[in-house]
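Undergrad: need coordinates for the below:
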Amino acid sequence: MASVILPVYNDEEGVQTTLRSLITNEYDEYEIIPVDNNSTDNTGDTIDQIASDYSNIAHPQEETAIQSSYAARNTGIEHASGDVLLFLDADMWVPKTWIEDMVTALESNDYDYLGCNVEVIADDRPNFWERYEQSFSFPVETYLEDKHFAPTCALAVRREVFEEIGLFDDRLESGGDKEFGQRVHRAGFKQGYADDVTAYHPARKSWDALKSKALRIGRGRAQKRRYHPELAGPHPLHPINYLPPSPFRLQRRFSGQDVSLPSLVGFYLLEYVLKLTQSYGMLRETLTQRRSKREES
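TA: Numbers count the residues shown, from 1 in each chain. Prediction:
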């Protein structure tokens, strides 16, 4: 039995896309658990409408106490029946064999924790923001090799892993996938990567979308400094947070590709602006934490 857990907040179009792709999956025994994280739009109604037509496999849940995608995933875990738990984000889609391919890769290689290829999809004529997303997002294999985690947007984990080391840290707004993956690694579980299994993620199409993500990452870093200081990176005021990124990363990413010099310069400047935005988000969250602590005392 496999359980696919799908956290969602205010994304009725995205969750519909994901549910439709999962419902058509060709696997003998599985369930889909969409978890509405207290949405304020019609997301809940969209889930209920689809679930009512597929009540044999779609078992919706709600997480209203904590506003956090990790809290929603934890709620899904608590209601899951499967021995293998799979996670997708509520704007992605997968081929009909995705569940089977993930479970097979996990079990045949005796993995406990498995990431797969995530392909970022843009329009036929992608704009600047979409091309940046396609070039820089989701190097999952590198994440696993260098940092011992895979994004929760497309992940498979055996149930016994959660039973031994606990659930996701729902205090983190971002970075909980990295914290959990590294916890899995330290506990000695076997991690793996399925390069022949792919999930699809839409590219962010605007500066506002990229900025929102960068601020969320920054806030998550500050939260991780508070709750997991042993894993925290540099202090929010450390100069490294404000230095330009290494141009060699850009060179490696576009090696052998036909990319114009103006595009390369634009991508580099955007990378720097996003780094500064993350640092701002981290600094602002740190100040908020200190203000709250003073008020409590």
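
Undergrad: where along the protein do the helices fall?
TA: Secondary structure of the chain (DSSP state H): helices located at 12-23, 43-53, 69-79, 98-108, 128-136, 140-142, 159-165, 176-186, 207-227, 247-253, 261-296.

Undergrad: which one of these is the most hemmed in?
TA: helix 69-79 (a mean of 23; mean count of other C-beta atoms under 10 Å). All C-beta spots, glycine's among them, are computed from the backbone N, C-alpha and C.

Undergrad: could you redo the helices of the chain as JSON lines and give each row distance to residue 239 and mean pLDDT?
TA: As requested, the helices of the chain are exported to JSON lines (distance: least, C-beta to C-beta, whole Å; pLDDT from 0 to 100):
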{"stretch": "helix 12-23", "distance to residue 239": "38", "mean pLDDT": "96"}
{"stretch": "helix 43-53", "distance to residue 239": "42", "mean pLDDT": "95"}
{"stretch": "helix 69-79", "distance to residue 239": "31", "mean pLDDT": "98"}
{"stretch": "helix 98-108", "distance to residue 239": "42", "mean pLDDT": "98"}
{"stretch": "helix 128-136", "distance to residue 239": "23", "mean pLDDT": "90"}
{"stretch": "helix 140-142", "distance to residue 239": "26", "mean pLDDT": "94"}
{"stretch": "helix 159-165", "distance to residue 239": "35", "mean pLDDT": "98"}
{"stretch": "helix 176-186", "distance to residue 239": "23", "mean pLDDT": "97"}
{"stretch": "helix 207-227", "distance to residue 239": "16", "mean pLDDT": "96"}
{"stretch": "helix 247-253", "distance to residue 239": "18", "mean pLDDT": "77"}
{"stretch": "helix 261-296", "distance to residue 239": "10", "mean pLDDT": "92"}
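
Undergrad: now those helices as a markdown table including distance to residue 198?
TA: As requested, the helices of the chain are exported to a markdown table (distance: least, C-beta to C-beta, whole Å):
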| stretch | distance to residue 198 |
| --- | --- |
| helix 12-23 | 12 |
| helix 43-53 | 23 |
| helix 69-79 | 21 |
| helix 98-108 | 8 |
| helix 128-136 | 14 |
| helix 140-142 | 10 |
| helix 159-165 | 23 |
| helix 176-186 | 18 |
| helix 207-227 | 22 |
| helix 247-253 | 19 |
| helix 261-296 | 24 |
